[in-house]
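Student: Coordinates only, no sequence provided:
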């Protein structure tokens, strides 16, 4: 009889919990940057397209860091990669001090770039790390479960960002006063990240066997195919590019949509963003559970179709019907990132860590779309939601057909 593969072995449970906590940390930072987007529009008097450069700074770091991090991880291991990511993460938050003191959007973008380097490092390391904590047969569920706590982090981010940032920018105060709130918030986050890094330094991470090795390939083929010849991996990189592009654009202008189309104050729209992220949390847990019965690629394709329908409805600006559809975009978005990642690294063996770097590099899509959505949103924020439909079509095709591992 064949034993059913366990979700995670008991001896690796503590490591799994610590690795899962990393997903929550970068979720907090990502969603806080979307509140920061609106705050800088108010305080530094930026257009929507200009504020979209926040995402360019953060996600641009992914493009530059992902390959070096993969090489670093391969040489020094998962733990060293995590520590490097946390150090860069904390350094970026502390650079908000000189940026706020100088009242400089350029300096803020430099700080966000360093912070983005830290998040890129953590994402590149954490996905194969979690995948390695058990059987390949359960890696889809394990990564989706860990990403569920990333979704929890995306709820925490706008909650604290709205409280500390949008409240201050709505009050009668100077730009310097409002930027002081930015400085205080990010320094607090930096101190917390430093404590996490200190705690992680004392954790013993055992040697892990790569669960993605295909024994048939390992034994019978001394010259396994190059990554560029692995079509499912190549399409995963493309799908991840469009996936994060859609996410960044959708998140960046959520508060603008609530303010301009629903008549909310910035603070009220920011509070609705917590519910918006809650929909993603719900979607991740629902999707993870459903993967016990339905193939992950089929769920991915179905959720991509759901996102397309919601975008069409949001663009019509039909009041609450469109706003509810906007909330549901995040429900359908929920399982896309981890599922694309997991499907993309199937059967890659020793190349798994290198492949993880390239898939993480695909996240640079988030640096591109917000600027172009911002250009459309400068005229009509509802019409801007036509743009991500292109992205969801590519994701649907990956889930429907292009995910398949070919020998």
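Tutor: Arrived safely. Computed from a predicted model, the values in this text were never measured in an experiment.

Student: does residue 29 really touch residue 122, like I thought?
Tutor: No. Assessed by C-beta atoms under 8 Å, residue 29 is found out of contact with residue 122, at 9.6 Å. Where C-beta positions appear, they are placed from N, C-alpha and C, glycine not excepted.

Student: got any residues that touch both of these two?
Tutor: residue 89 (C-beta atoms under 8 Å, 6 or more residues apart in numbering).

Student: just for the stretch 301-407 of the chain, where's the confidence low?
Tutor: Along the stretch 301-407 of the chain, the parts satisfying pLDDT under 70 run over 407.

Student: all helices of it, in order?
Tutor: Applying DSSP state H, counting those that start in this stretch to the stretch 301-407 of the chain gives helices spanning 320-333, 336-344, 352-361, 365-377, 389-397.

Student: The ones you listed into CSV, with extra columns for mean neighbour count and distance to residue 134?
Tutor: Output for the helices of the stretch 301-407 of the chain, formatted as CSV (neighbours: other C-beta atoms under 10 Å; distance: least, C-beta to C-beta, whole Å):
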stretch, mean neighbour count, distance to residue 134
helix 320-333, 20, 26
helix 336-344, 28, 12
helix 352-361, 25, 14
helix 365-377, 23, 29
helix 389-397, 20, 26
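
Student: quick one: which of those helices is nearest residue 75?
Tutor: Minimum separation from residue 75 across the helices of the stretch 301-407 of the chain (C-beta to C-beta) falls at helix 352-361, 10.0 Å.

Student: For the helices of the stretch 301-407 of the chain, give me TSV that also has distance to residue 184.
Tutor: Shown next, in TSV, are these (distance: least, C-beta to C-beta, whole Å):
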stretch	distance to residue 184
helix 320-333	28
helix 336-344	30
helix 352-361	31
helix 365-377	26
helix 389-397	36
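
Student: between these, which one is nearest to residue 262?
Tutor: Closest to residue 262 of the helices of the stretch 301-407 of the chain is helix 320-333 (C-beta to C-beta; 5.6 Å).

Student: so how far is that closest one off the chain centroid?
Tutor: Relative to the mean C-alpha coordinate of its chain, helix 320-333 is positioned 18 Å out (C-alpha atoms, centre = their mean, to the nearest Å).

Student: how big is the angle separating it from helix 389-397?
Tutor: 40 degrees (axes from the mean of the first three to the mean of the last three C-alpha atoms, to 10 degrees).

Student: okay, and for this protein, where does confidence drop off?
Tutor: 1-4, 136, 167-178, 207-224, 407.

Student: quick one, longest helix in it?
Tutor: helix 13-43 (DSSP state H).

Student: Buried residues, it. List them.
Tutor: By neighbour count on 16 or more other C-beta atoms under 10 Å, the buried set for helix 13-43 is 15-16, 18-43.

Student: could you give the angle of it to helix 365-377?
Tutor: Orientation check (the same axes, to 10 degrees): helix 13-43 against helix 365-377 gives 30 degrees.

Student: I'd like to know which elements the helix or strand just after helix 13-43 is packed against.
Tutor: Next helix or strand after helix 13-43 toward the C-terminus (DSSP states H and E): helix 48-51. Helices and strands touching helix 48-51, by 3 or more C-beta pairs under 8 Å, 6 or more residues apart in numbering; DSSP states H and E, are helix 13-43, helix 365-377.

Student: how about residue 319, phi and psi?
Tutor: Here is the backbone geometry of residue 319 (degrees, to the nearest 10): phi 70, psi -130.

Student: Please verify my assumption that it contacts residue 262.
Tutor: Yes. Look at residue 319 against residue 262 with C-beta under 8 Å: they come within range, at 7.5 Å.

Student: Show me which of the two is the more surrounded one.
Tutor: More crowded of residue 319 and residue 262, by other C-beta atoms under 10 Å: residue 262, with 16 against 11.

Student: The more buried one against residue 255, yeah?
Tutor: No. Using C-beta under 8 Å, residue 262 is not in contact with residue 255, being 10.5 Å away.

Student: intersection of neighbour lists for those two?
Tutor: Residues within reach of residue 262 and of residue 255 at once, by C-beta under 8 Å, 6+ apart, are residue 269.

Student: quick one on the thing from earlier: the helices and strands packed on helix 48-51: which one's closest to residue 330?
Tutor: helix 13-43 (10.5 Å).

Student: Quick one: work out the angle between the closest one and helix 336-344.
Tutor: Using the same axes, to 10 degrees: helix 13-43 against helix 336-344 is 130 degrees.

Student: Quick one: distance of helix 13-43 to the chain centre.
Tutor: Distance of helix 13-43 from its chain centroid, counting by C-alpha atoms, centre = their mean, is 9 Å.

Student: Tell me how far residue 296 lies from residue 302.
Tutor: Going from residue 296 to residue 302 by C-beta to C-beta, to the nearest Å gives 11 Å.

Student: Between those two, which has more neighbouring residues?
Tutor: Counted by other C-beta under 10 Å, residue 296 and residue 302 do not tie: residue 296 has more neighbours, with 24 against 18.

Student: and the residue lying closest to residue 364 once chain neighbours are set aside, what helix or strand is that in?
Tutor: The shortest distance from residue 364 to any non-neighbouring residue, by C-beta to C-beta, 6 or more residues apart in numbering, is to residue 63 (3.7 Å). Here residue 63, judged by DSSP H and E, is contained in helix 53-76.

Student: what angle sits between that helix and helix 352-361?
Tutor: Using the same axes, to 10 degrees: helix 53-76 against helix 352-361 is 170 degrees.

Student: could you check the angle helix 53-76 makes with the helix or strand following helix 53-76?
Tutor: Downstream of helix 53-76, the first helix or strand assigned by DSSP H and E is helix 78-94. Orientation of helix 78-94 against helix 53-76 (the same axes, to 10 degrees) gives an angle of 150 degrees.

Student: Could you give me the buried positions within helix 78-94?
Tutor: Neighbour-count burial for helix 78-94 [16+ other C-beta under 10 Å]: 78-79, 81-86, 88-94.

Student: Next, the contact list for residue 329, please.
Tutor: 250, 307, 310-311, 314.

Student: So which elements touch the helix or strand in which residue 274 is found?
Tutor: Per DSSP H and E: residue 274 is located in helix 266-290. When contacts are defined as 3+ C-beta pairs under 8 Å, 6+ apart, helix 266-290 packs onto helix 13-43, helix 139-161, helix 167-170, helix 254-261, helix 296-315, helix 320-333.
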